[in-house]
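> sequence and predicted structure, then a few things I'm wondering about:
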Amino acid sequence: MSVSSSECYVGLMSGTSMDGADGVLVDFSGPQPVVLAAAHTPFPDNLRAAFGALQQPGEDEIHREAVAANALARVYADCVAELLKVAGRDPAEVAAIGAHGQTIRHRPGLYDGIGYTRQSQHPALLAELTDIDVVADFRSRDIAAGGQGAPLVPAVHAALFGARDETRVICNIGGISNISILPAASTGRPVTGFDCGPGNALLDAWIHRHRGVAFDDGGAWGASGQVHAELLARLLAEPYFRAPPPKSTGRDLFHPGWLQDVLDGLPTPPDPADVQATLATLTATAIARDVQSHAPNAHRLIVCGGGARNAHVMAMLGQLLPGVTVQTTDDFGVPVSQVEALAFAWLARQCVRRAPGNVPTVTGAAGPRVLGAVYPR
């Protein structure tokens, strides 16, 4: 495929929260990327349930995954159509779509070090529906090169939020939380990063189970409870939290069954609001400990993702990290909901240009690699 002359790319991200597709149309022609349009297309309830079920082994998985992938392609296509409508652009003006897909398995480093990852989607159908080239399957090449396949956004974090004279940490709190450590550019030290642990995934699952809503708006329910000290200690005893980077995780580990196993080991069941308060503290504590351990000289923590809207978690981060200024990417001109989608627009551009998209010091891959597979329109 020849390199497109257009510098406009679409980025699509549906993360571990499984609430829908976030999309951006980005113009990379200038010194800094410019978001021309943004959109969010919610998942229908049945699609969210289908992807939730696919997080664990079950009957007739191949068929169910294929049906869900087809449905996701149509959600993605609707999101792209909305982006083009808002921006007043035609498909021919877009070089490519970077489509992350919905992660249903992420198990790097297994089976003699090869490992695997699975982001469910149907990129050929998306190309057919949109009449735009699609770049997909970003993670598998990094894993093939010995990496974790995640996180993939630190290079974009560095470009957007790095500073010459101060160390910054960018934290995405989606279903899973991850950090990118951006040393002051003047030091010449490399960017690093890794997944910290659960972000919103357990919080969302718990409040849905007990209150029937999708998420804890502003963290109000969590703030109403009391932290259960023994539960928190047992949750933090999970070996993943002590493992050294590079490392990545997902719902394969941090799922409602994992939480329930810990709850079943307690002598007395806690009040549901206290569990929510403890899960919020787990999210904040895991992030704060990683910042303190791996970026002790950080001046600033800049948060994005849905968790940036959880005022309770954000307040705890400020308390747990005295001396560190806690902000959101909104303060730097990039809405918290757009950062990850923007990253996959950038990764699509890197693939089209045959340029590396990974950061080996983050993922542990053997070296820089071009990420993604192209599905021409």
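Sure, I can see it. Numbers count the residues shown, from 1 in each chain.
> low-confidence ranges in the stretch 51-200 of the chain?
Residue ranges of the stretch 51-200 of the chain with pLDDT under 70: 110-114.
> okay, strands next: where are they in it?
Using DSSP state E, counting those that start in this stretch, the strands of the stretch 51-200 of the chain run over 96-99, 102-107, 116-120, 134-136, 168-173, 176-182, 192-198.
> report the buried residues of the longest helix belonging to the chain.
If you go by DSSP state H, the chain has its longest helix at helix 61-87. By neighbour count on 16 or more other C-beta atoms under 10 Å, the buried set for helix 61-87 is 64-65, 68-69, 71-84, 87. Just so you know, the C-beta spots here come from the backbone N, C-alpha and C atoms, and that holds for glycine as well.
> related to what we said a few turns ago, including distance to Ala280 and mean neighbour count, could the strands of the stretch 51-200 of the chain go into a markdown table?
Below are the strands of the stretch 51-200 of the chain laid out as a markdown table (distance: least, C-beta to C-beta, whole Å; neighbours: other C-beta atoms under 10 Å):
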| stretch | distance to Ala280 | mean neighbour count |
| --- | --- | --- |
| strand 96-99 | 31 | 30 |
| strand 102-107 | 23 | 22 |
| strand 116-120 | 28 | 19 |
| strand 134-136 | 34 | 28 |
| strand 168-173 | 11 | 27 |
| strand 176-182 | 12 | 27 |
| strand 192-198 | 10 | 26 |
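> to Gly58, which of these lies closest?
In terms of C-beta to C-beta, the element of these nearest to Gly58 is strand 102-107, at 10.9 Å.
> how big is the angle separating that closest one from strand 192-198?
If you take axes from the mean of the first three to the mean of the last three C-alpha atoms, to 10 degrees, strand 102-107 sits at 100 degrees to strand 192-198.
> CA atoms of strand 102-107 as PDB?
Taking C-alpha atoms only, strand 102-107 is exported to PDB below (Å, rounded to 0.1, in the frame of the first residue of the first chain):
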ATOM      1  CA  GLN A 102     -12.200  -5.000  22.100                       C
ATOM      2  CA  THR A 103      -9.700  -6.900  24.200                       C
ATOM      3  CA  ILE A 104     -11.200 -10.300  25.300                       C
ATOM      4  CA  ARG A 105      -7.900 -12.000  26.200                       C
ATOM      5  CA  HIS A 106      -4.500 -10.500  27.000                       C
ATOM      6  CA  ARG A 107      -1.900 -13.100  28.300                       C
END
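> roughly how far is it from the heart of the chain?
Put simply, strand 102-107 sits 12 Å off its chain's centre (C-alpha atoms, centre = their mean, to the nearest Å).
> for it, packing partners?
Packing contacts for strand 102-107, counted by 3 or more C-beta pairs under 8 Å, 6 or more residues apart in numbering; DSSP states H and E, involve helix 61-87, strand 116-120.
> could I get the average pLDDT for stretch 21-30?
Here stretch 21-30 scores 96 as its mean pLDDT.
> so which bits of it are buried?
Buried-residue list, stretch 21-30, by 16+ other C-beta under 10 Å: Ala21, Asp22, Gly23, Val24, Leu25, Val26, Asp27, Phe28.
> check what pLDDT the residue nearest to Gln148 when sequence neighbours are not counted gets.
For Gln148, ignoring the flanking residues on the chain, the nearest one in space by C-beta to C-beta, 6 or more residues apart in numbering is Ser248 at 4.1 Å. For Ser248, the pLDDT comes out at 92.
> what number of residues lie near Ser248?
28 (other C-beta atoms under 10 Å).
> ok, now which ones touch it?
By C-beta atoms under 8 Å, 6 or more residues apart in numbering, Ser248 lies in contact with His106, Pro108, Gln148, Gly149, Ala150, Pro151, Asn178, Phe194, Asp195, Thr363.
> closest to Ala286 among the residues you listed?
The shortest approach to Ala286 among these belongs to Asp195, at 9.6 Å (C-beta to C-beta).
> hmm, back to that, nearest to Arg234, of the helices and strands packed on strand 102-107?
strand 116-120 (28.5 Å).
> so the closest one versus helix 61-87, what angle?
Relative orientation of strand 116-120 versus helix 61-87 (the same axes, to 10 degrees): 60 degrees.
> can you list the domains in this structure?
Listed by the TED database, the domain ranges of the chain are 8-149+358-375, 154-332.
> which of those sits closest to Trp346?
It is, among these and with distance given as C-beta to C-beta, domain 154-332, at 5.0 Å.
> quick check: end-to-end length of the closest one?
End-to-end distance for domain 154-332, by C-alpha to C-alpha, to the nearest Å: 16 Å.
> same question for stretch 131-140.
End-to-end for stretch 131-140, by C-alpha to C-alpha: 25 Å.
> contacts for that stretch, please.
For stretch 131-140, the external contacting residues (C-beta under 8 Å, 6+ apart) are 1, 4, 10, 80, 91-92, 94-101, 106, 116-117, 119, 121, 123-124, 126-127, 149-150, 152, 344, 347-348, 351-352, 357, 371-377.
> can you pull out the helices in the chain?
45-53, 61-87, 123-130, 140-144, 154-161, 201-211, 220-224, 229-236, 256-264, 272-294, 311-320, 339-352, 360-363.
> for the second one, packing partners?
Contacts of helix 61-87 with other secondary structure elements, assessed using 3+ C-beta pairs under 8 Å, 6+ apart, are made with strand 8-13, strand 20-27, strand 34-42, helix 45-53, strand 96-99, strand 102-107, strand 116-120, helix 123-130.
> how about those in TSV, adding distance to Glu166?
Output for the helices and strands packed on helix 61-87, formatted as TSV (distance: least, C-beta to C-beta, whole Å):
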stretch	distance to Glu166
strand 8-13	28
strand 20-27	26
strand 34-42	25
helix 45-53	39
strand 96-99	30
strand 102-107	32
strand 116-120	34
helix 123-130	39
